[in-house]
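Engineer: show me the folded form of this:
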Amino acid sequence: MQTKHKLASLGLAVMMAVGTASAFAQVTVGGAPMYASKDIIDNAVNSKDHTTLVAAVKAAGLVDTLKSAGPFTVFAPTNAAFAALPAGTVDTLLKPENKGMLTGILTYHVVAGKIDSAALTKAVMDGNGKAMLKTVAGGTLTATAANGGVMVTDEKGGSAKVTIADVYQSNGVIHVVDKVLLPK
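Structural biologist: Next up, the predicted model:
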């Protein structure tokens, strides 16, 4: 009888260890692990897929903001998303004289609060298929469910697919997107 209890206890301990390990599993973005204990900037600088975004955040002077307590939800475009913009757009935006325009575009990708995929899905369901998200820039993004994932549409009608959801940060959550979203 005691052997059965030991085996049951051992089985429970193994199940708890596996559950705990999966709870701490690291999401990787751009080949780098993302740590929930680090802030948005400290994680983003390690993603090889977000070097353009990081350069833009630095040029716009938003590093301190995105290192602050937040919380923030960031729809983070990849390097490929920036590369898909018309030729010369990124170089033009990174010029000091265009800092205001760059800041507007970047803050259009940020929503106040921590909206993970469960909260986003609930908002879409509660909104009869659409969730209207007010951005830090003052514009609106529209989230919808599509093909088993989430699409985010900007005010100009451009849509981005969330390719990696729920990258938790100490000051919010990042959802990686495949397009740059543009305000009116």
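Engineer: identify the residues contacting residue 38.
Structural biologist: Contacts for residue 38 (C-beta atoms under 8 Å, 6 or more residues apart in numbering) come out as 169-170. Backbone N, C-alpha and C define where each C-beta goes, glycine included.
Engineer: per-residue confidence at it?
Structural biologist: According to the prediction, residue 38 has pLDDT 84.
Engineer: same check on residue 72?
Structural biologist: 91.
Engineer: need the contact list for it.
Structural biologist: Contacts for residue 72 (C-beta under 8 Å, 6+ apart) come out as 40, 66, 110-114, 136, 171-173.
Engineer: buried subset of these as a PyMOL selection?
Structural biologist: Entered in PyMOL, the line below selects the buried ones among these, by 16 or more other C-beta atoms under 10 Å:
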select buried, resi 40+66+110+111+136+171+172+173
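Engineer: of the contacts of residue 72, which belong to helices?
Structural biologist: With DSSP state H as the criterion, helices contain 40, 66 from among those.
Engineer: mind jotting down where the strands sit in this structure?
Structural biologist: Assigned strands in the chain, in chain order: 27-29, 32-34, 72-77, 110-112, 131-134, 140-146, 149-153, 159-169, 172-177 (criterion: DSSP state E).
Engineer: what's in contact with the last one?
Structural biologist: Taking C-beta under 8 Å, 6+ apart as the criterion, the residues outside strand 172-177 that touch it are 29, 34, 40, 43-44, 49, 70-78, 81, 109, 113-117, 120, 150, 152, 160-167.
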